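1. Make a model of this:
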Amino acid sequence: MYWLFLLLSLGCFAFAIKTPSTGMMMLWLGGALLFLLAWIRGRYVATFGEVQRDIATAIDPIELRRLREQAQARRDADRDPDDLPPSL
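-> Numbering: from 1, shown residues only. Below is the predicted model:
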């Protein structure tokens with residue numbers, strides 16, 4: 001469907017080139033720009049989807065702190081004793 005906007009944009013641009021009136025040329029170029037922007041938005045939505053952030057899935061600070069502590073504990077457990085710097 002969004003490809004229709006590209007065709008309409010090209011049609012408006014063609015009419016803008018052919019018209020002898022400056023006012024009509026500006027009107028056709030405005031239409032071409034709007035249809036081109038609609039095509040770009042349609043292509044973006046078709047490629048990436050309508051991405052809206054769901055606030056319910058956001059991680060609260062307490063949960064984030066807990067996850068960081070778990071990751072740090074895993075890193076400390078995985079660290080080899082030979083890799084530790086020598087004590088003074």
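2. What segments of this structure are helices?
-> Read by DSSP state H, the chain holds these helices, from start to end of the chain: 2-18, 22-48, 61-78.
3. How far off centre is the second one?
-> This points to helix 22-48. Relative to its chain's centre, helix 22-48 lies at 19 Å (Cα atoms, centre = their mean, to the nearest Å).
4. And for the last one?
-> Averaging C-alpha positions (Cα atoms, centre = their mean) puts helix 61-78 30 Å from its chain's average.
5. Hmm, Gly30 and Phe13 touching each other?
-> No. Counting by Cβ atoms under 8 Å, Phe13 stays clear of Gly30, with 11.0 Å between them. Bear in mind the C-beta positions are built from the backbone N, C-alpha and C, glycine included.
6. and the two? which has more neighbours close in?
-> For Phe13 and Gly30, the more surrounded residue by other Cβ atoms under 10 Å is Phe13, and the numbers stand at 17 against 12.
7. where's that one relative to Leu6, distance?
-> Summarising the geometry, the distance separating Phe13 from Leu6, computed by Cβ to Cβ, to the nearest Å, is 11 Å.
8. Ok, Arg66 next?
-> Looking at Arg66 against Leu6, where the rule is Cβ to Cβ, the gap reads 49 Å.
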